[in-house]
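[1] Have a look at this prediction, sequence included:
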Amino acid sequence: MTTTPPGEREPGQELCGLAAPEAERRLAEHGPNEVAEVPSAPLHSRVLAQLRDPLIMVLLGAALLTIVIGDHPDAVVIGLVIVFNTTVGVAQEIRADHAVAALSTMSAPSARVLRDGTAREVAEAVVVPGDVLLLGEGDIVAADAELIEASGASPSRTRLMRHPRTRCRRPSLRRSQRRGRGLDTPGD
């Protein structure tokens, strides 16, 4: 079964999606559809990040000043406050990293794709370039995609932008994108 890229598809031509062997070949060629995990920061860099906080810098300056003037009990108290604050900050960062990792393993996203002419539910990691994604209301787009056909679509950027509300906007194509891409536009 041959596939035609969406921009080169004839109007009215039926979409059949990728053939299973072609999808496997593209998966081997391009790798899984996953974002590379960022390695966690080492402990010493977390501590240094906590010590670079402006309030901690003021406390470090105060501790140094109290040592210079000979008020050692106050310097010890300020030092204990700095150690306590740094320890709590690093511990919270580590707990937050573990929570994010646990949440990401709990959600095993999937996507509906068209393969060999039939709709299939596949893991998001095996979506490959050229797959035809079938989206419904509330679905999350599993990969970068070219929109072939839509009716009443309003994109939500909450997953990418961490913005709490959906922003509705009309799709706009640059003039260079409209020509020769298989899109019918009035006046072209």
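    Sure thing, it's come through.

[2] So which residues of the chain form helices?
    20-30, 43-51, 54-68, 72-106, 158-161, 175-178 (DSSP state H).

[3] Might one say that His30 is in contact with Val127?
    No. Contact criterion CB atoms under 8 Å: His30 and Val127 do not qualify, at 10.1 Å. (C-beta placed from N, C-alpha, C; glycine too.)

[4] higher neighbour count, the two?
    Val127 (25 against 11; other CB atoms under 10 Å).

[5] Now render the helices of the chain as JSON lines, adding mean pLDDT and distance to Ala142.
    JSON lines is the format used below for the helices of the chain (pLDDT from 0 to 100; distance: least, CB to CB, whole Å):
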{"stretch": "helix 20-30", "mean pLDDT": "89", "distance to Ala142": "14"}
{"stretch": "helix 43-51", "mean pLDDT": "93", "distance to Ala142": "33"}
{"stretch": "helix 54-68", "mean pLDDT": "95", "distance to Ala142": "42"}
{"stretch": "helix 72-106", "mean pLDDT": "91", "distance to Ala142": "15"}
{"stretch": "helix 158-161", "mean pLDDT": "52", "distance to Ala142": "12"}
{"stretch": "helix 175-178", "mean pLDDT": "45", "distance to Ala142": "22"}
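
[6] Of those, which is nearest Ile140?
    Ile140 sits nearest to helix 158-161 of all the helices of the chain, at 6.7 Å, using CB to CB.
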